[in-house]
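Visitor: Test case, fold it:
(one chain, ligands or ions: 1)
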Amino acid sequence: MLNFESVAMRYADGTQALGGVSLQVPAGQFCVVLGSSGAGKSTLLRMANGLVKPTRGTVQVEGVRIAADSLARIRPRIGMIHQQFNLVMRSSVADNVLAGALPAMPTWRALLGLFTDEARRKACELVESVGLQEQHLLRRVSELSGGQQQRVGIARAFMLEPPLVLADEPVASLDPQTSHDVLSLLRTQARERGTTVLCSLHQIELACEFADRIVALRHGAVVFDGAPGAFDPQVFDAIYGREPVPVPMPVPVPAVRSGDHAAEPEAALPLHAGALELAQ
Ligand code: ADP
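Guide: Numbers count the residues shown, from 1 in each chain. Below you'll find the model as predicted:
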């Protein structure tokens with residue numbers, strides 16, 4: 001479905017965001033790109049819809065190489081969900097969801113906002129399927145909560161039933177419970193349709209809960225690629241660059257000989273700094 005072949009990215013100011021990443025995402029997979037800020041997640045996702053052109057390597061979607069002359073064909077096959085929702089706040093929910101159909105419309109129809117009845121029906125269905133009600137359709141997006149706004153973002157992304165959805169930190173501006181609900185909704189929508197999802201996150205616990213596969217980046221390189229179940233503390237260190245916590249050596253308790261003073265109780269022994277960190 002999605003194939004990154006040795007992609008590298010050096011921005012104009014010399015920042016090396018990605019250093020030769022190869023990744024194949026099969027159809028239907030919910031693949032989370034995990035990493036801390038600046039790891040290269042956004043750059044990788046934006047390469048998948050041609051917003052960033054790699055300085056080296058190639059990206060293919062459904063076997064078609066992303067290039068200037070193939071973008072118009074590929075774009076309608078990719079839905080995009082953004083961290084800041086990227087909705088038109090002054091416009092209604094319905095108009096924002098309908099905007100998801102624009103990449104497949106002739107320019108003149110798009111300019112005049114001439115959506116087909118079928119597109120309007122689809123927008124209504126999607127609004128309902130993301131958990132909003134009919135009365136939300138004509139409401140301004142600015143009047144909705146953050147979680148509701150991202151539901152609109154999800155509905156818009158599925159408007160053209162794309163086989164691939166890219167979600168760039170879709171829950172970074174939401175509280176933990178809403179983040180959970182929104183990711184759950186995204187996964188359900190994707191599973192129902194067999195959609196492939198490439199979703200960037202920085203929260204390990206959410207990645208482990210929702211991903212079929214986690215690809216972790218650090219400094220523009222893949223440091224882990226596997227199932228959530230294979231995640232362990234060493235992987236955590238590799239992603240977030242924590243120094244491994246030294247495992248405290250067992251402190252030998254001196255044998256108490258008869259006639260000696262009573263040995264100091266164990267709790268009074270100086271605690272190893274690592275032991276303290278482990279205990280927290
Ligand atoms: P992430 O999404 O993991 O936070 P990004 O892909 O946004 O990471 O950024 C990776 C690196 O590239 C960072 O060092 C960031 O500052 C840099 N970067 C991102 N976009 C640009 C740009 N347009 N120009 C210069 N550097 C950029």
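Visitor: pLDDT averaged over the helix ranked longest in the chain - what is it?
Guide: Assignment by DSSP state H gives helix 176-193 as the longest helix of the chain. Average pLDDT, helix 176-193: 95.
Visitor: now for that helix, which elements pack on it?
Guide: Counting contacts by 3 or more Cβ pairs under 8 Å, 6 or more residues apart in numbering; DSSP states H and E, helix 176-193 packs against strand 30-34, helix 146-157, strand 164-168, strand 196-201, helix 204-210. C-betas here are computed from N, CA, C, even on glycine.
Visitor: pLDDT on the longest one, on average?
Guide: It refers to helix 146-157. 96.
Visitor: all strands of the protein, in order?
Guide: Taking DSSP state E, the strands of the chain run over residues 2-10, 16-25, 30-34, 56-61, 64-65, 78-81, 164-168, 196-201, 213-218, 221-226.
Visitor: The longest one vs strand 213-218, what angle?
Guide: Right, strand 16-25. 170 degrees (axes from the mean of the first three to the mean of the last three Cα atoms, to 10 degrees).
Visitor: Quick check: beta-bridge partners of residue 201?
Guide: residue 34 (DSSP bridges).
Visitor: Might you report the residue contacts of it?
Guide: Residues near residue 201 by Cβ atoms under 8 Å, 6 or more residues apart in numbering: 32, 33, 34, 169, 171, 207.
Visitor: Among those residues, which one lies nearest to residue 130?
Guide: residue 171 (14.3 Å; Cβ to Cβ).
Visitor: residues near the closest one, how many?
Guide: By the measure other Cβ atoms under 10 Å, the count of residues near residue 171 is 26.
Visitor: list the contacts for the closest residue to it other than its chain neighbours?
Guide: With sequence-adjacent residues excluded and distances taken as Cβ to Cβ, 6 or more residues apart in numbering, residue 171 is closest to residue 179, at 3.6 Å. Contacts for residue 179 (Cβ under 8 Å, 6+ apart) come out as 171, 203, 206.
Visitor: how about the residues you listed in TSV, adding pLDDT and distance to the ligand?
Guide: Output for those, formatted as TSV (pLDDT from 0 to 100; distance: Cβ to the nearest ligand atom, whole Å):
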residue	pLDDT	distance to the ligand
171	95	14
203	92	13
206	95	15
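Visitor: okay if I get these as a markdown table plus distance to residue 100?
Guide: Below are the contacts of residue 179 laid out as a markdown table (distance: Cβ to Cβ, whole Å):
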| residue | distance to residue 100 |
| --- | --- |
| 171 | 19 |
| 203 | 26 |
| 206 | 24 |
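Visitor: Can you give me the separation between the residue nearest the centre of the chain and the ligand?
Guide: Against the mean C-alpha coordinate of the chain, by Cα atoms, centre = their mean, the closest residue is residue 200 at 2.1 Å. Applying Cβ to the nearest ligand atom, to the nearest Å, the value for residue 200 to the ligand is 6 Å.
Visitor: what do you get for residue 167?
Guide: Residue 167 sits at a distance of 12 Å from the ligand (criterion: Cβ to the nearest ligand atom).
Visitor: Many thanks, we can stop here.
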